[in-house]
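Student: here you go, sequence then predicted model.
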Amino acid sequence: MRTAIWLLLALLCILLYGSVIMPLREEFQGLHMAPLFQWLAESPVGVTWWLWAAIGVLSLLTANTLFCSIESIIKKSGTRNMLLVLSPQVIHIGFLFVLLGHLLSSYGSFKGTAYVMQGTVLPLPNNESVVFGEIRADAGPSGYITDWSADIRYLKEGGPFKADVIGPNSPSFHGGFGIYIKTVEFRPFPVALVELSRDPGGIWALVGGVLFLVGMTALLILKIKREQPSG
Amino acid sequence: MIILPVLPALFYLFGYYRPAFVYAGFAVQTAYVFFRGIQLGRLPIIGPHDTLYFLSFATVLFALPMTFRMRNRGRHLFPMLGLSAVFILLSLFFPPHSAPLPPVLKTFWFESHVALSFFSYALFGIAAVLGTTFLFVGEEDKDGGPAGAGLPGEAAEVLQYKAILVGYCFFSAAMVFGGIWAYFAWGTYWLWTPKELWTVILWLFYSLYLHARLRQWWSGRPSAILGIIGFGIVMFTYLGVSLLMKSSHTF
């Protein structure tokens, strides 16, 4: 527990430093456009050392969390209130899954953007392609565009096999990739800015988040009743 | 029209003398939030004016039931109402945001993410008030004081812990919901923006608080101080990042 407290404190200090440095250095502008580890390998260590330090501390925190959780379950097994023993460990497991998600995303994520119009064919990394059909945009009375969408069809060996409609918050997922429509402009015909994205850690981060919240809810119910002032 | 949002702050001031004013103030505050919601056709949680007002509303929403059973309720409730009044007055410096919502924000995940965030900020603010109360009252009332003297200072620290625990739950849920929204909207659940980074800093700080408080040495005065510092981080994450730093993730 004491180790966890010191590691959390160290991580806090490192990220506080990073939050000051990041807006001041131009090198960090490209951080979104490549997987984290690829970007770290290509960027000067003099600028990124704090990120490496944060990763190091997180690795230690991961190991500490695992060992502490196992030790806690072994020491406290057989106690009457096993839910109070297990719920913090479910929280810890959730946290570890979130870290796993970030680790996978840091290696294997991909993002690419393109302007497309009706009839544009975009190749996909899995030797398939996607063709864009009608692109639509709804405008309000003031001319402000209030919604947009596009019809797409997936092609394999030149033949269509799947159709979908993409819109804001409604991407199309296929083959581990997501196709997102970011915005639509009239030039004067409709042109859409689309993004092809792959984030392999997403599902693990979601699993971790759900486990974390389940554990927190259980712990909250138990602690609220149990915690009273002494004396 | 400016009277309606300011009225609750005045009622809370009179509430120090007559408790009925507190409930009247909260009723007016709730009415203004509803009015903005009906005017906009959605939850009023975009822009500094609406978010500050929503935060002031959430502070009282949690403060009233949390202090309900306290014998000397006013000692703890009034500073919380003061905090709410500060948020109300700050909101007046910014015009209400009434522009149409961008399509990417029209989703349950976004609205839930923001609402949960402000519920957690309100609870962290309440915790800071309780920590302050503990530090200034706690030493006198540590042994409970005379019968009927009110909430012992030590119990204020326990209530601070509970407020932070609930706030931490809401904040963690806000981060999960925000990640889900970001995945559907932007193609990734994480972006390296100042807001996201400070959100993690805030989450780590309260994780530190919750772990440290389990140690004997940290409970009591040290954890009360941590709870107060935490709210400073909350305010920087919410207002400081949005006003002082360039980020796509502002109000």
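Tutor: In hand now; what should we look at?
Student: A:Arg183 contacts A:Ala192, correct?
Tutor: For residue A:183 the amino acid is Thr, not Arg. Yes: with contact defined as CB atoms under 8 Å, A:Thr183 counts as touching A:Ala192 (7.3 Å). In short, each C-beta sits where N, CA and C put it, glycine included.
Student: who touches both of these two?
Tutor: A:Trp148 (CB atoms under 8 Å, 6 or more residues apart in numbering or on different chains).
Student: which one of these two has more residues nearby?
Tutor: Counted by other CB atoms under 10 Å in any protein chain shown, A:Thr183 and A:Ala192 do not tie: A:Ala192 has more neighbours, with 23 against 15.
Student: in chain A, which spans are helices?
Tutor: Secondary structure of chain A (DSSP state H): helices located at A:2-21, A:36-42, A:45-76, A:82-108, A:202-226.
Student: now what about the shortest one, what contacts it?
Tutor: Read it as helix A:36-42. Residues outside helix A:36-42 that contact it (CB under 8 Å, 6+ apart): A:Gly30, A:Leu31, A:Met33, A:Ala34, A:Thr48, A:Leu51, A:Trp52, A:Ser105, A:Ser106, A:Tyr107.
Student: pLDDT check: weakest of these?
Tutor: Lowest pLDDT of the contacts of helix A:36-42: A:Met33, 82.
Student: what pLDDT does the closest residue to that one other than its chain neighbours get?
Tutor: Excluding the flanking residues, the one nearest A:Met33 by CB to CB, 6 or more residues apart in numbering or on different chains is A:Lys111, at 6.6 Å. Looking at A:Lys111, its pLDDT stands at 91.
Student: isn't A:Lys111 right up against A:Val194?
Tutor: No: applying CB under 8 Å, one finds A:Lys111 not in contact with A:Val194, separated by 11.5 Å.
Student: neighbour count for those two, which is higher?
Tutor: For the pair A:Lys111 and A:Val194, the greater number of neighbours falls to A:Val194 (25 against 18), based on other CB under 10 Å.
Student: how near is that one to A:Ile145?
Tutor: To A:Ile145, A:Val194 is 16 Å away according to CB to CB, to the nearest Å.
Student: can you check A:Leu206 too?
Tutor: Per CB to CB, A:Leu206 is found 31 Å from A:Ile145.
Student: how about B:Phe87, secondary structure?
Tutor: helix (DSSP: H, G, I helix; E, B strand; the rest coil).
Student: quick one: which helix or strand includes the closest residue to it other than its chain neighbours?
Tutor: Nearest non-adjacent residue to B:Phe87, counting by CB to CB, 6+ apart: B:Ser56, 3.6 Å away. Using DSSP states H and E, B:Ser56 sits in helix B:47-66.
Student: what residues does stretch B:171-182 touch?
Tutor: Residues contacting stretch B:171-182 (CB under 8 Å, 6+ apart): A:169, A:205-206, A:209-210, A:212-213, A:216, B:107, B:109-110, B:112-114, B:116-117, B:120, B:124, B:188-191, B:199, B:202-203, B:206.
Student: run the last query once more with 6 Å
Tutor: By CB atoms under 6 Å, 6 or more residues apart in numbering or on different chains, the list of residues contacting stretch B:171-182 from outside reads A:Gly209, A:Leu213, B:Trp109, B:Phe110, B:Ser112, B:His113, B:Leu116, B:Ser117, B:Ser120, B:Tyr189.
Student: lowest-pLDDT helix or strand in chain B?
Tutor: helix B:241-244 (a mean of 88; mean pLDDT, DSSP states H and E).
Student: in that helix, which residues are buried?
Tutor: By neighbour count with 16 or more other CB atoms under 10 Å in any protein chain shown, helix B:241-244 contains the buried residues B:Val241, B:Ser242.
Student: list the helices and strands that helix packs on?
Tutor: Applying 3 or more CB pairs under 6 Å, 6 or more residues apart in numbering or on different chains; DSSP states H and E, one finds that helix B:241-244 contacts helix B:194-212.
Student: if we use 10 Å, what do you get?
Tutor: For helix B:241-244, the elements it packs on are helix B:47-66, helix B:194-212, judged by 3 or more CB pairs under 10 Å, 6 or more residues apart in numbering or on different chains; DSSP states H and E.
Student: just those: most buried one?
Tutor: helix B:47-66 (a mean of 22; mean count of other CB atoms under 10 Å in any protein chain shown).
Student: pull it out as PDB, backbone CA atoms only.
Tutor: Written as PDB, here are the backbone C-alpha positions of helix B:47-66 (Å, rounded to 0.1, in the frame of the first residue of the first chain):
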ATOM      1  CA  GLY B  47     -20.300  26.800 -22.300                       C
ATOM      2  CA  PRO B  48     -19.000  28.500 -19.200                       C
ATOM      3  CA  HIS B  49     -22.300  30.100 -18.100                       C
ATOM      4  CA  ASP B  50     -24.400  26.900 -18.300                       C
ATOM      5  CA  THR B  51     -21.700  24.700 -16.800                       C
ATOM      6  CA  LEU B  52     -21.000  27.000 -13.900                       C
ATOM      7  CA  TYR B  53     -24.700  27.300 -13.200                       C
ATOM      8  CA  PHE B  54     -25.100  23.500 -13.500                       C
ATOM      9  CA  LEU B  55     -22.200  23.100 -11.000                       C
ATOM     10  CA  SER B  56     -23.900  25.500  -8.600                       C
ATOM     11  CA  PHE B  57     -27.100  23.500  -8.900                       C
ATOM     12  CA  ALA B  58     -25.400  20.200  -8.400                       C
ATOM     13  CA  THR B  59     -23.600  21.500  -5.300                       C
ATOM     14  CA  VAL B  60     -26.900  22.300  -3.500                       C
ATOM     15  CA  LEU B  61     -28.500  19.100  -4.900                       C
ATOM     16  CA  PHE B  62     -26.000  17.000  -3.000                       C
ATOM     17  CA  ALA B  63     -25.400  19.400  -0.100                       C
ATOM     18  CA  LEU B  64     -29.100  19.300   1.100                       C
ATOM     19  CA  PRO B  65     -29.400  15.600   1.600                       C
ATOM     20  CA  MET B  66     -25.900  15.200   2.900                       C
END
